[in-house]
Each structure stands twice: as C-alpha cells, then as structure tokens.
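>>> no FASTA, just this:
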Ligand code: 5GP
Ligand code: ZN
C-alpha cells in the first residue's frame, strides 16, 4: 500500500493504510482506500477512508474538502461496478454519534432493507 499524509502512529486506520494491519481491500487509489468492515452490519458493508489522517467530518476544511468529493466519486464508481443501486453512506462524527475510530471514514451499506431514522 502507499503512504498516508499526516500519519498518526496510534491510529488504527492509518495502520491499515500502511498495511501494518491486514484488511480486505475493495478499492485503492492515491488518495483513498476502501476495505470491508470487520463487523459487517449489512450483506455489503465497506469503509472508504482518506489516505490522510483527518479525524472526522468535523475536521473537513477548504484545504481538504476535495478529498471528501473524491471519496464520493469513488463510492459512486465502486457501487456501480458492484451492480449496487441502493445503498446508504454514513459517517459517524464524535462518540455520541457512534464514531469509534478517529480517522474520517464513510460506511457504505447495502443488500438489505433499511429503516429511518437510524438508532
Ligand atoms: P465507527 O464506529 O467509527 O463509525 O466505524 C468504525 C468501523 O470500523 C466499525 O464499523 C468497525 O467494525 C470497523 N473496524 C474497527 N476495527 C477494524 C479493523 O481492524 N478492521 C476492519 N476492517 N474494520 C474495523
Ligand atoms: Zn489515521
């Protein structure tokens, strides 16, 4: 795998990007990495993360927001290649909202009926 900008040595997802922790790759390019969630909540459940240590949605700024746009392009491309038309994209921000890994990530879930609002 490739390098990560602003690498945080204590960050689980930075370690996954660097290949220090194994993961099941779904997609990779110079800017982002997608891999299967270790505890899937739907028949399809993968995560897309920037190859930069951005802690959460709350840390998105004009300097790094192009990364978020790129990730959404990747989500559209990868789901299309998988033949998925209906899916949910979730990014939990902060512990009360359910964020457990402080490296920006987008969950992509599909393959079952979903309810709204989420719990
Ligand atoms: P959050 O709870 O922060 O929204 O999402 C973090 C996600 O990372 C969870 O869905 C969790 O299952 C997943 N996760 C945590 N540790 C690992 C790991 O070591 N490998 C993979 N593939 N996923 C992980
Ligand atoms: Zn990180």
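Now that the structure is in, tell me what you want to look at. Not measured: the values here are computed from a predicted model. Ligands and ions are numbered 1, 2, ... in the order given.
>>> hmm, stretch 66-82 in reach of ligand 2?
No: Stretch 66-82 is not in contact with ligand 2 by C-beta under 5 Å from the ion; minimum separation 12.9 Å. Placement of C-beta: from N, CA and C, glycine included.
>>> what's next to that stretch, contact-wise?
For stretch 66-82, the surrounding residues in contact (C-beta atoms under 8 Å, 6 or more residues apart in numbering) are 26-27, 29, 31-32, 34, 44, 46, 48, 50, 52, 54, 60, 85, 87, 89, 106, 108, 110.
>>> Can you say which of the residues you listed are buried?
Applying 16 or more other C-beta atoms under 10 Å to the contacts of stretch 66-82, the neighbour count classes 26-27, 32, 34, 44, 46, 48, 50, 52, 54, 60, 87, 106, 108, 110 as buried.
>>> and of those, the nearest to ligand 1?
Using C-beta to the nearest ligand atom, residue 46 comes nearest to ligand 1 of those, at 8.5 Å.
>>> List the beta-bridge partners for that closest one.
Legend: beta-bridge partners of residue 46 under DSSP bridges are residue 36, residue 108.
>>> Give me every residue in this protein lying close to ligand 2.
Residues of the chain that fall close to ligand 2, judged by C-beta under 5 Å from the ion: 8, 11, 13, 14, 53, 103.
>>> does the spatially most central residue of the chain count as helix, strand or coil?
Geometric centre of the chain, nearest residue: residue 48, 2.5 Å, by C-alpha atoms, centre = their mean. Under DSSP: H, G, I helix; E, B strand; the rest coil, residue 48 falls in the strand class.
>>> circling back to that earlier point, can I get the residues of the chain next to ligand 2 in a markdown table with pLDDT?
Output for the residues of the chain next to ligand 2, formatted as a markdown table (pLDDT from 0 to 100):
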| residue | pLDDT |
| --- | --- |
| 8 | 92 |
| 11 | 97 |
| 13 | 98 |
| 14 | 97 |
| 53 | 96 |
| 103 | 98 |
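>>> Using PyMOL, define a selection of the buried residues within the residues you listed.
To isolate the buried members of the residues of the chain next to ligand 2 in PyMOL, using 16+ other C-beta under 10 Å:
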select buried, resi 11+13+14+53+103
